[in-house]
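# Predicted coordinates and the sequence they were generated for:
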Protein chains: 2
Amino acid sequence: MRKYSIDHKSPVPLHAQAETLLRQLIQEEDYRNGKVLPNEVELAKKLAISRTTLRQSINKLVFEGLLVRKKRSGTRVAQNVVSSKSNNWLSFSQEMKLRGIPIKNFELHVTWVTPDEELAAFFEIKPDRKVLKLERVRGRPDEPFVYFVSYFHPRVGLTGEEDFKRPLYEMLEQEHSIIATLSKEEISAVAADDNIADKLRLPAGSPLLFRKRYVFDPGERAIEYNLGYYKASSFVYTVESTR
Amino acid sequence: MRKYSIDHKSPVPLHAQAETLLRQLIQEEDYRNGKVLPNEVELAKKLAISRTTLRQSINKLVFEGLLVRKKRSGTRVAQNVVSSKSNNWLSFSQEMKLRGIPIKNFELHVTWVTPDEELAAFFEIKPDRKVLKLERVRGRPDEPFVYFVSYFHPRVGLTGEEDFKRPLYEMLEQEHSIIATLSKEEISAVAADDNIADKLRLPAGSPLLFRKRYVFDPGERAIEYNLGYYKASSFVYTVESTR
DNA sequence: AATGTTATAATGTATGTACATAATAATAAG
DNA sequence: CTTATTATTATGTACATACATTATAACATT
């Protein structure tokens, strides 16, 4: 009974498979607590891939600061990672829960739209292919403070009939076997236009924290494109970094 | 006459040499402007290292978001707007240098001020103790895009006579033996008031990306409190995260 | 002139191999 | 019993090689 294994016939690259597999592996308690991973040569043999390929995957996680390598003693999960990287990856609802803020959905619209140029390029699909658009206004029970717009790649297989009140990534993982691993975010500021000002109950022109989020799966394939407009007066983005 | 080359007898690994070399290379104006780099096979030959080794170096820069690769068309310098990456702890000037953006100091004021309540609390000093305040307006030669306000803890030992045109953290490290290690950041958005609007040559009310930065030394003692007001139209904050 | 087809030139994926280096463990010497 | 010495074992560096994939360019076809 092999718990983790690699499919050589799958179209997803071996190093990407190895990466997901490592990510799962290091969730295990033993490794979390500092147990050394199986050594490269052995693990490569066990997975039936070359050491070079395996190394590619490990390298990535090392880059990300998730793993630490040490000669002779081996590779293990990085302890005391205080970086934004690991902290940062939280869904909105998890994030709010963590801060003890009850959330309310003020609006929730699901539509099918044709992507604009930027989106079609990011998703690498033809511009006539329809994508699912999810709009949400969320916030405290008494005060909406964020307007989200999400676009999902067709490969996710959403119908639009799903229960979008559930935590999104949980739903994707459980019902659609989509594992979102990497996200690039761009944070900037914009002024609220009439539409958003209305949704967030603000004067038009108010400053908003604007966050674009690009979400990928372990094979670096695009999953979601997310735009978030946060009411600046009630939202702060926190990052911790070390050098 | 080879402008860049690699020393095979040096003790520093070839891939590391290649990396520094690439960093220099992409400073060149042509590459900055989107010219494709020499292709991997050729470049490897020219540097007399294997493609695998060269790729190792390129990979790193790609991961950092400095280079973008595209099949068939080649590798080029990422054309993003001025952006800041949370994880590699870099000073503003280093960051800009890395991206080949020449910076200009538009204004530079040094004053001694009495801290307000928040600052006195953060520095853990009595409110009558004066602290050094450094104000700077910086940006591209033709366009200021950030207004910084920094407060330094008395323990740093600044006199106010220092050369603040030098990279700050370099100066602190060399002349004052201050090593800044950890920084907590809070990012939000604000509207430009008249004062800042003037400094950044913007209409008042324009949205600004606002970053508070708390800088500590290895002993978690407060070193600096920094406020940054970034022109939103020319500055994006980038975060990469994995779960 | 628009469309379809084929070549080609770049990156992408993957393997096998070899030796270097460093930290630890085992052993020998004093 | 402490200190050198040596072996072992993990990662680190580096190469040569092969074929896959894909965006573009060149060409041919309608």
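The structure has been received and is ready for your questions.

# so where do the strands sit in chain A?
Counting by DSSP state E, chain A has strands at residues A:67-70, A:74-77, A:104-113, A:131-140, A:143-152, A:182-191, A:207-216, A:222-231, A:237-242.

# Identify the bridge partners of residue A:213.
With DSSP bridges as the criterion, residue A:213 is bridged to residue A:185, residue A:226.

# Tell me the confidence at residue A:91?
Note for residue A:91: predicted pLDDT of 58.

# Output the strands of chain A as CSV; include the columns mean neighbour count, distance to residue A:169 and mean pLDDT.
Heads up, the C-betas are built off the backbone N, CA and C, glycines and all. Listed next are those as CSV, based on neighbours: other CB atoms under 10 Å in any protein chain shown; distance: least, CB to CB, whole Å; pLDDT from 0 to 100:
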stretch, mean neighbour count, distance to residue A:169, mean pLDDT
strand A:67-70, 15, 23, 85
strand A:74-77, 18, 22, 88
strand A:104-113, 13, 16, 91
strand A:131-140, 19, 13, 91
strand A:143-152, 20, 11, 90
strand A:182-191, 21, 10, 78
strand A:207-216, 22, 9, 86
strand A:222-231, 21, 9, 89
strand A:237-242, 18, 19, 57
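
# Rebuild the ones you listed as JSON lines, extending it with distance to DNA strand C.
Listed next are the strands of chain A as JSON lines, based on distance: least, CB to the nearest atom of the strand, whole Å:
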{"stretch": "strand A:67-70", "distance to DNA strand C": "6"}
{"stretch": "strand A:74-77", "distance to DNA strand C": "9"}
{"stretch": "strand A:104-113", "distance to DNA strand C": "26"}
{"stretch": "strand A:131-140", "distance to DNA strand C": "24"}
{"stretch": "strand A:143-152", "distance to DNA strand C": "23"}
{"stretch": "strand A:182-191", "distance to DNA strand C": "14"}
{"stretch": "strand A:207-216", "distance to DNA strand C": "13"}
{"stretch": "strand A:222-231", "distance to DNA strand C": "14"}
{"stretch": "strand A:237-242", "distance to DNA strand C": "21"}
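
# Could you double-check that residue A:222 sits in contact with residue A:180?
No: using CB atoms under 8 Å as the test, residue A:222 is too far from residue A:180 to be in contact (10.5 Å).

# pretty sure residue A:125 is touching residue A:151, no?
No: taking contacts as CB under 8 Å, residue A:125 lies outside contact range of residue A:151: 10.7 Å.

# which neighbours do these two share?
A:115, A:131 (CB atoms under 8 Å, 6 or more residues apart in numbering or on different chains).

# Now do the residue of chain A most remote from its centre, the pLDDT please.
Among the C-alpha atoms of chain A, the one most distant from their mean position (CA atoms, centre = their mean) is that of residue A:72, at 33.8 Å. On pLDDT, residue A:72 comes in at 85.

# how near is it to DNA strand C?
As judged by CB to the nearest atom of the strand, to the nearest Å, residue A:72 and DNA strand C stand 4 Å apart.

# can you list the domains in chain A?
Here the domain parsing of chain A from automatic domain parsing is A:14-80, A:85-234.

# hang on, the earlier thing: give the residues shared as contacts by residue A:222 and residue A:180.
By CB under 8 Å, 6+ apart, the residues touching both residue A:222 and residue A:180 are A:215, A:216.

# got the residues of chain A near DNA strand D?
Chain A comes close to DNA strand D at residues A:11, A:37, A:39-41, A:52, A:55, A:69-75, A:124, as judged by CB under 7 Å from any atom of the strand.

# which of those sit farthest apart?
A:72 and A:124 (43.3 Å; CB to CB).

# Tell me the spacing between residue A:51 and residue A:160.
As for residue A:51, its distance to residue A:160 is 45 Å (criterion: CB to CB, to the nearest Å).

# Looking at these two, which one has more neighbours?
residue A:51 (15 against 12; other CB atoms under 10 Å in any protein chain shown).

# And for the residue nearest to that one when sequence neighbours are not counted, the neighbour number?
Excluding its sequence neighbours, the residue lying closest to residue A:51 (CB to CB, 6 or more residues apart in numbering or on different chains) is residue A:44, at 4.3 Å. Here the number of neighbours of residue A:44 (other CB under 10 Å) works out to 18.

# Residue A:44 against residue A:57, yeah?
No: taking CB under 8 Å as the definition, residue A:44 is not a contact partner of residue A:57, at 10.3 Å.

# Next one: the residue nearest to residue A:51, what pLDDT does it get?
Here the pLDDT value assigned to residue A:44 is 92.

# Then residue A:55?
For residue A:55, the pLDDT comes out at 90.

# same deal with residue A:116?
pLDDT, residue A:116: 83.

# Phi first, then psi, for it.
phi -80, psi -180 (degrees, to the nearest 10).

# what about it, distance to residue A:131?
For residue A:116 relative to residue A:131 (CB to CB), the value is 10 Å.

# Can you give the distance of stretch A:191-207 from its chain's centre?
Remark: stretch A:191-207 is offset 27 Å from the chain centroid, using CA atoms, centre = their mean, to the nearest Å.

# what's the answer for stretch A:31-51, then?
25 Å.

# okay, it in PDB with CA atoms only?
Extracted in PDB, the C-alpha atoms of stretch A:31-51 (Å, rounded to 0.1, in the frame of the first residue of the first chain):
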ATOM      1  CA  TYR A  31       7.600  15.900   9.500                       C
ATOM      2  CA  ARG A  32       5.900  19.000  10.900                       C
ATOM      3  CA  ASN A  33       7.700  18.300  14.100                       C
ATOM      4  CA  GLY A  34      11.100  18.100  12.500                       C
ATOM      5  CA  LYS A  35      11.500  14.500  11.400                       C
ATOM      6  CA  VAL A  36      13.900  14.300   8.400                       C
ATOM      7  CA  LEU A  37      12.300  13.500   5.100                       C
ATOM      8  CA  PRO A  38      13.400  10.400   3.200                       C
ATOM      9  CA  ASN A  39      16.700  11.200   1.500                       C
ATOM     10  CA  GLU A  40      16.700  12.300  -2.100                       C
ATOM     11  CA  VAL A  41      18.200   9.100  -3.500                       C
ATOM     12  CA  GLU A  42      15.800   6.800  -1.800                       C
ATOM     13  CA  LEU A  43      12.700   9.000  -2.300                       C
ATOM     14  CA  ALA A  44      13.500   9.300  -6.000                       C
ATOM     15  CA  LYS A  45      13.800   5.600  -6.200                       C
ATOM     16  CA  LYS A  46      10.600   5.000  -4.300                       C
ATOM     17  CA  LEU A  47       8.700   7.400  -6.600                       C
ATOM     18  CA  ALA A  48      10.400   6.000  -9.600                       C
ATOM     19  CA  ILE A  49      11.700   9.400 -10.800                       C
ATOM     20  CA  SER A  50      15.200  10.600 -11.200                       C
ATOM     21  CA  ARG A  51      16.900  12.400  -8.400                       C
END
